[in-house]
Structure formats: C-alpha cells, structure tokens
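Visitor: The sequence isn't on hand, but the structure is:
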C-alpha cells in the first residue's frame, strides 16, 4: 500500500537537506492551508476548473487557516517554523513545486508572494482590543 504521508515525509526530508530554513511543520501546515483554501474558494464559487490558486489567494487562505488553527499564537507558531513573512511561504511553495508535489503555471513565481501582508497586521491585529478598558476603577490622578 502506498502511503502518501510517507511519500510527503520523504519529500520534506529531501527538501530540508538542501534548504533547512523551514521546519517540517511549515510544510505540513502549508499543505493543510492549501486544502483549506481550495475548499473555501470552491464554496464561494471562486475556483476555476484547474483548481489553481494564485499566490494572493493562497496567502489569504494561509492567513485564515493559521488564525483558525492557532488563534493569537499564529505568528509565533509560524516564526518558530522559520516563516517570518509571505515570501517564506513562496519559498516553501516553490520548494514543493521543484519536487513536483505542487504544480505551477508559466505565470507563477516566488515573487508572487512578495506583495503579501505584514505578519503583524495579519496575525496580531485581529486579536488586539480596539479600546483598552481599565480593569479596576481608580481615583483620578491629581
């Protein structure tokens, strides 16, 4: 029986020998975020027949999936895996493209991920309070 996870494990092992910048978890997360993105776009009728996502579509799916999975810890988890900006996701995607795990069109490139979002805005801001309320009532300062 052919185990796709075992094959994926081998692919990641091979990639990380040449490019150890990103932890194994980043590759598993990206694969799950890709599946999540495809399902969400399909639900909204925004997916074409080829099931191909643009870099921007994938980045938005990654953002939503990370927040859903890790909440306010999303940025910390990603950075722990070596992923500090959107370009890092592009590097991971294209490492997987080179190993033929993912496909690409002639128009796709790692630079598609350069114009993503700031991690602070994407992963921290949704969890910041809009107003800070005092926890106890204090007398006014004189």
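Guide: Perfect, thanks for sending it. In this text, all values refer to a predicted model and were calculated from it rather than measured experimentally. Numbering: from 1, shown residues only.

Visitor: Contact partners for the residue nearest the centre of the chain?
Guide: In the chain, the centroid-proximal residue (CA atoms, centre = their mean) is residue 62; its distance is 3.5 Å. Residues near residue 62 by CB atoms under 8 Å, 6 or more residues apart in numbering: 30, 33, 37, 89. No exception for glycine: its C-beta is placed from N, CA and C like everyone else's.

Visitor: And the furthest pair within the residues you listed?
Guide: 37 and 89 (11.5 Å; CB to CB).

Visitor: ok, these two, which is more surrounded?
Guide: Between residue 37 and residue 89, counting by other CB atoms under 10 Å, residue 89 is the more crowded of the two (25 against 21).

Visitor: pull the helix or strand with minimum mean pLDDT from the chain.
Guide: helix 4-18 (a mean of 88; mean pLDDT, DSSP states H and E).

Visitor: What helices and strands are in contact with that helix?
Guide: In terms of contacts (3 or more CB pairs under 8 Å, 6 or more residues apart in numbering; DSSP states H and E), helix 4-18 is packed against helix 24-43, helix 86-98.

Visitor: which one of the ones you listed is the most hemmed in?
Guide: helix 86-98 (a mean of 20; mean count of other CB atoms under 10 Å).

Visitor: Compile the helices and strands packed on helix 4-18 into JSON lines and extend it with columns for distance to residue 110.
Guide: Output for these, formatted as JSON lines (distance: least, CB to CB, whole Å):
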{"stretch": "helix 24-43", "distance to residue 110": "14"}
{"stretch": "helix 86-98", "distance to residue 110": "4"}
